[in-house]
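Chemist: for reference, the sequence and a predicted model appear below.
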Amino acid sequence: MISLILRWSVRILIVVLVLAVGAITAFRLSASLRETAMRSDLAPSTGHLVLTNSGSLFIQEKGPADGVAVVLFHGTAAWSELWRRSIDALASAGFHVIALDLPPFGFSDRPGGYTRQQQAARVNDALIALHAAPAIIVGHSFGAGAATELAMRYPERARALVLVDAALGLTAAPSDPPALLAPKWIREVLVSLTVTNPMATRTLLASLIAKKERALPEYVEILQRPLTQQGSTAAIADWLYYFTGSDRNAESADRGNYARLKLPVAMLWGDQDEVTPLAQARDLLTLLPQASLTLLPALGHIPQIEDPDAFNGALLKAIEKL
């Protein structure tokens, strides 16, 4: 009897494993079947490509050409269009807005190599090509790392720095990417189950914000739009390896470098942020005593979509002070 139960248990386990492998394989195959579009079919006409030494960056510009430049860095899995309400508000206030797509997201080329140093170098190349004057650099979430790296490595590009719910990793011990993620096929499976899976977009977005009802269809569509480009899952799988480890060679990963950052700094932070909790902002203040901190009541990790009017008002006020 016991032997029979064991045999049936083994058979059931095998069936479950086969079904699980089949489901995972189906997700990866589905991603390949979805990702057939060309950039030219999807990218908004409001943007253009700027050539850098490592491929072209997709840029959206708005506002008077002679206005003070404001460069917007988006967060993980986002792209420049998620800043749309902020782009419009800043341009209406007379600023020359430069919103960019950090590869492999959005409509920039996907050359591989996604460290903060490499991202900062790309943006530096683009700002040189645009003949941009020293700009107010705004970095949100994971994009704040590249934004801060730009300000540290290329100080001539920045007149001020604004950090929005910044994910700088300064309170965590340095770590390497998990060995489990070394094979690219594993990373591709994970990406196809999450980032490029259209059934997961709204759930993932809602998990990042305090106002769950603001995971609106328009924002879901914005996030999903670039992901039907050819090779999206494979490209994001390359990026994932950088994302899961510490960027040890980044100047912005060294707490000691912040004391040498001489430009004005403002921080905007959702006081209900559970991704980069308020304690991280308080810690950053100890490294940047010259910085100001503005709390955004009842907002979470993506305040620019949770309450665009409140966020844009706080952003403009912070920039005016800078």
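Modeler: Great, that's in hand.
Chemist: the stretch 201-322 of the chain: strands as residue ranges?
Modeler: Using DSSP state E, counting those that start in this stretch, the strands of the stretch 201-322 of the chain run over 265-270, 292-296.
Chemist: what packs against the shortest one?
Modeler: For strand 292-296, the elements it packs on are strand 265-270, helix 278-287, helix 308-321, judged by 3 or more Cβ pairs under 8 Å, 6 or more residues apart in numbering; DSSP states H and E. C-beta: built from backbone N, CA, C; applies to glycine.
Chemist: can you add mean neighbour count and give the ones you listed back as CSV?
Modeler: Below are these laid out as CSV (neighbours: other Cβ atoms under 10 Å):
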stretch, mean neighbour count
strand 265-270, 25
helix 278-287, 16
helix 308-321, 16
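Chemist: do you know which of those lies nearest Ala253?
Modeler: Nearest to Ala253 among those is helix 278-287; the distance by Cβ to Cβ comes to 12.2 Å.
Chemist: now do the helices in this structure.
Modeler: Under the criterion DSSP state H, the chain carries helices at the ranges 2-34, 39-42, 84-92, 116-129, 143-153, 184-193, 201-208, 217-224, 232-243, 278-287, 303-306, 308-321.
Chemist: now the second one: buried residues?
Modeler: Neighbour-count burial for helix 39-42 flags Arg39 (criterion: 16 or more other Cβ atoms under 10 Å).
Chemist: mean confidence for it?
Modeler: Across helix 39-42, pLDDT averages out at 96.
Chemist: what lies in contact with that helix?
Modeler: For helix 39-42, contacts defined as Cβ atoms under 8 Å, 6 or more residues apart in numbering pick out Phe58, Phe107, Arg225, Pro226, Thr228, Gln229.
Chemist: recalculate using a threshold of 6 Å.
Modeler: Residues outside helix 39-42 that contact it (Cβ atoms under 6 Å, 6 or more residues apart in numbering) are Phe107, Arg225, Gln229.
Chemist: by neighbour count, which of the residues you listed wins?
Modeler: Phe107 (25 neighbours; other Cβ atoms under 10 Å).
Chemist: my read: Gly94 touches Gly67, true?
Modeler: Yes. Shown here, Gly94 and Gly67 form a contact pair, counting by Cβ atoms under 6 Å, at 5.0 Å.
Chemist: neighbour count winner among those two?
Modeler: Taking other Cβ under 10 Å, Gly94 and Gly67 do not tie; Gly67 has more neighbours (16 against 11).
Chemist: residues in a beta bridge with the closest residue to that one other than its chain neighbours, which ones?
Modeler: Using Cβ to Cβ, 6 or more residues apart in numbering and skipping the chain neighbours, the partner closest in space to Gly67 is His96 (4.0 Å). Beta bridges link His96 to Ala69 when assigned by DSSP bridges.
Chemist: when you give positions from now on, start the count at 55
Modeler: I'll keep to 55 as the first residue from here, and by that count the last item is His150.
Chemist: I figured His150 hits Val124, correct?
Modeler: No. With contact defined as Cβ under 6 Å, His150 does not count as touching Val124 (7.0 Å).
Chemist: please say which of the two ends up with more neighbours.
Modeler: Taking other Cβ under 10 Å, His150 and Val124 do not tie; Val124 has more neighbours (24 against 21).
Chemist: ok, the more buried one - contacts?
Modeler: Residues near Val124 by Cβ under 6 Å, 6+ apart: Leu144, Phe149, Val151, Ile190.
Chemist: same thing but 8 Å
Modeler: Leu144, Phe149, His150, Val151, Ile152, Ala189, Ile190, Val192, Ile373.
Chemist: and what of Asp337?
Modeler: Leu224, Thr225.
Chemist: can you give me the distance of it to Leu294?
Modeler: Per Cβ to Cβ, to the nearest Å, Asp337 is found 26 Å from Leu294.
Chemist: still on that earlier bit, Leu322: which of the helices of the chain is closest?
Modeler: helix 362-375 (5.5 Å).
Chemist: quick one: the helices and strands packed on strand 346-350 as JSON lines, columns for mean pLDDT too.
Modeler: Listed next are the helices and strands packed on strand 346-350 as JSON lines, based on pLDDT from 0 to 100:
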{"stretch": "strand 319-324", "mean pLDDT": "98"}
{"stretch": "helix 332-341", "mean pLDDT": "97"}
{"stretch": "helix 362-375", "mean pLDDT": "97"}
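Chemist: dump those into JSON lines; add distance to Thr100 as well.
Modeler: Converted to JSON lines, the helices and strands packed on strand 346-350 look like this (distance: least, Cβ to Cβ, whole Å):
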{"stretch": "strand 319-324", "distance to Thr100": "25"}
{"stretch": "helix 332-341", "distance to Thr100": "32"}
{"stretch": "helix 362-375", "distance to Thr100": "18"}
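Chemist: nearest to Pro237, out of these?
Modeler: The nearest among the helices and strands packed on strand 346-350, by Cβ to Cβ, is helix 332-341 at 31.8 Å.
Chemist: could I get the closest one in PDB with only the CA atoms?
Modeler: This file holds the C-alpha atoms of helix 332-341, laid out as PDB (Å, rounded to 0.1, in the frame of the first residue of the first chain):
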ATOM      1  CA  LEU A 332      11.100  57.400   3.700                       C
ATOM      2  CA  ALA A 333      14.000  56.200   5.900                       C
ATOM      3  CA  GLN A 334      16.100  56.100   2.700                       C
ATOM      4  CA  ALA A 335      15.400  59.800   2.100                       C
ATOM      5  CA  ARG A 336      16.300  60.600   5.700                       C
ATOM      6  CA  ASP A 337      19.600  58.700   5.300                       C
ATOM      7  CA  LEU A 338      20.300  60.600   2.100                       C
ATOM      8  CA  LEU A 339      19.900  63.800   3.900                       C
ATOM      9  CA  THR A 340      22.800  62.900   6.200                       C
ATOM     10  CA  LEU A 341      25.000  62.600   3.100                       C
END
